[in-house]
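In: 3D, please:
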Amino acid sequence: MEKPTFRYQPANKGKAPLLTLGATQAARPFIEAGHAARQRGDRASSAPAKKPEEVEKEARARVVSEGGDPGNPTLVLSRHSIQFGQYQGQTFKWLLENDVGWTTDVLARHQKERETSVSQSPLMSNKDALAQYACAYPDVKEEVRFHRAQAEARERYNESRDKGELLVGFGDYRWDTLKGLYDSIDPERMSYVNWLKRKTPRHGTTMDTARKYILGRDKEQPARRATTATSAATSAAAAATAATSAPTTSAPTTSTRGTTTTTTSTTTSARKPAAPFLKSLLHSRRPMTSGELQAKVHKLVGKPAARPAAPALPSARDRPPWRPSPTPSVEVKDEELVQAASDIEMAGS
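Out: Okay, the predicted model is just below:
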């Protein structure tokens with residue numbers, strides 16, 4: 001008895017259904033009467049808001065008259081009556097069943113007002129009670145959150161005058177900004193944008209605003225595509241120039257008994273000067289062992305360049321007898337390492 005019967009829009013496959021926000025036929029007379037009163041400038045037609053205690057007493061009486069349990073707080077709350085606006089006198093339950101859009105808009109503005117106000121007036125207390133009842137239902141609470149997001153988007157638009165800041169406001173992508181929807185590379189969103197282009201919505205609706213924004217952005221695309229193409233051509237030319245200017249060295253081709261072996265080309269890289277580094281090593285405050293110094297120099301010199309492939313060996317008949325080559329047993333001195341690094345640097349310069 002306390003839960004309202006909500007109306008839902010048809011849902012797309014895989015999407016959660018959304019509440020129908022429009023007013024029912026039962027709500028039309030109240031809307032028209034309110035519109036006529038505003039046209040006349042008649043502000044005295046609304047009665048002053050009743051005190052919370054009086055509203056509670058009337059709600060309990062309604063529950064009893066309907067055969068309900070007055071000890072059920074949610075049921076009693078559903079029978080509280082609206083104390084303001086065009087639906088003044090109608091119950092909270094009736095309101096959620098007949099005009100969810102109006103309700104969520106009121107509650108979104110009330111939440112923002114409550115951020116700075118602690119008023120306990122009859123009007124504010126009545127709105128507090130409505131928020132307590134309506135937001136107990138997740139779908140209504142979500143709509144209130146969406147209304148607040150829409151209001152914040154309108155504030156951004158008022159500051160920037162960029163309609164891309166506005167929310168789509170309807171359909172599966174209603175939480176997207178117009179700019180975000182248009183710029184998206186998601187196939188489903190791109191298809192949605194193309195679908196909107198073919199629509200003929202009623203003037204002034206959120207769909208009409210979205211369609212006009214999309215068509216306006218389409219007109220900007222030729223100039224944007226030309227700019228993008230120019231930038232891409234410039235980047236490609238720069239990359240080609242950098243590739244052709246890179247220094248390369250090639251090893252010669254070697255021939256042995258009719259067998260030809262070609263080595264691969266290698267790209268030389270710049271090497272930092274070695275002399276200052278070696279000087280700092282030799283004059284270091286902490287003495288270094290020969291092994292430490294050799295490791296430092298080897299790290300500085302780096303890996304040797306790729307050597308040409310060894311030429312093909314002659315046949316076993318032509319090879320001379322094998323003799324083991326002598327292995328040096330003398331350790332390289334520090335001065336010889338310094339001289340070797342200097343020679344490498346001179347050769348590379």
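
In: Sketch out the low-pLDDT regions of this structure for me.
Out: Residue ranges of the chain with pLDDT under 70: 1, 43-45, 222-349.

In: and if we set it to 80?
Out: Flagging of the chain using pLDDT under 80 yields the residue ranges 1-2, 11-15, 41-46, 221-349.

In: can you list the domain ranges for it.
Out: Domain ranges of the chain: 1-161, 163-224, per automatic domain parsing.

In: mind listing the strands for the chain?
Out: For the chain, applying DSSP state E gives strands covering 248-249, 254-256, 259-261, 266-267.

In: Look at residue 166 and say how many residues are nearby.
Out: The number of residues packed around residue 166, counting by other Cβ atoms under 10 Å, is 19. All C-beta spots, glycine's among them, are computed from the backbone N, C-alpha and C.

In: thinking it is in contact with residue 151, fair?
Out: No - Residue 166 is not in contact with residue 151 according to Cβ atoms under 8 Å; the separation is 11.0 Å.

In: how near is the residue nearest to residue 7 when sequence neighbours are not counted to residue 74?
Out: Beyond its immediate neighbours in the sequence, the residue positioned closest to residue 7 (Cβ to Cβ, 6 or more residues apart in numbering) is residue 20, lying 4.0 Å away. Between residue 20 and residue 74 the distance is 23 Å, computed by Cβ to Cβ, to the nearest Å.

In: same check, this time on residue 35
Out: The gap separating residue 35 from residue 74 is 33 Å, by Cβ to Cβ.

In: Also residue 132?
Out: When distance is defined by Cβ to Cβ, residue 132 is 10 Å away from residue 74.

In: again, but for residue 26
Out: Look at residue 26 and residue 74: by Cβ to Cβ, they are 23 Å apart.

In: if we can go back for a sec, show me what contacts the residue nearest to residue 7?
Out: Applying Cβ atoms under 8 Å, 6 or more residues apart in numbering to residue 20 gives the contacts 6-9, 100.

In: Out of those residues, which is nearest to residue 191?
Out: Taking Cβ to Cβ as the measure, residue 191 sits nearest to residue 9 out of these, at 19.7 Å.

In: Ignoring the adjacent residues along the chain, who's closest to that closest one?
Out: Distances taken as Cβ to Cβ, 6+ apart put residue 18 closest to residue 9, at 4.9 Å, once the chain neighbours are dropped.

In: Reformat the contacts of residue 20 into a markdown table and put distance to residue 124 and neighbour count next to each item.
Out: Formatted as a markdown table, those follow (distance: Cβ to Cβ, whole Å; neighbours: other Cβ atoms under 10 Å):
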| residue | distance to residue 124 | neighbour count |
| --- | --- | --- |
| 6 | 26 | 14 |
| 7 | 29 | 15 |
| 8 | 31 | 11 |
| 9 | 32 | 13 |
| 100 | 22 | 24 |
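
In: What about the residues you listed, which are in helices?
Out: Judged by DSSP state H, those include residue 100 as members of helices.

In: Can you name the residues that contact the residue lying closest to residue 180 once chain neighbours are set aside?
Out: By the measure of Cβ to Cβ, 6+ apart, the closest residue to residue 180 outside its immediate chain neighbours is residue 164, 7.9 Å from it. For residue 164, the residues meeting the contact criterion (Cβ under 8 Å, 6+ apart) are 177-180, 182, 213.

In: And the furthest pair within those?
Out: For the contacts of residue 164, the farthest-apart pair by Cβ to Cβ is 180 and 213; their separation is 11.5 Å.

In: Settle it for me: which of the two has more neighbours?
Out: Neighbours around residue 180 and residue 213, counted as other Cβ under 10 Å, are more numerous at residue 213. The numbers are 21 against 15.

In: Spit out the contact partners of the more buried one.
Out: Residue 213 makes contact with 163-164, 166, 178, 182 under the criterion Cβ under 8 Å, 6+ apart.

In: how does it look with 10 Å?
Out: Residue 213 makes contact with 162-164, 166, 168, 177-179, 181-182, 196, according to Cβ atoms under 10 Å, 6 or more residues apart in numbering.

In: Now which of those residues would you call buried?
Out: With neighbours counted by 16 or more other Cβ atoms under 10 Å, the contacts of residue 213 contain buried members at 163-164, 166, 168, 177-178, 181-182, 196.

In: Export those to TSV and append columns for distance to residue 68.
Out: Output for those, formatted as TSV (distance: Cβ to Cβ, whole Å):
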residue	distance to residue 68
163	49
164	51
166	44
168	42
177	46
178	47
181	47
182	52
196	47
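
In: from those, which is closest to residue 140?
Out: Nearest to residue 140 among the buried ones among the contacts of residue 213 is residue 168, at 20.7 Å by Cβ to Cβ.
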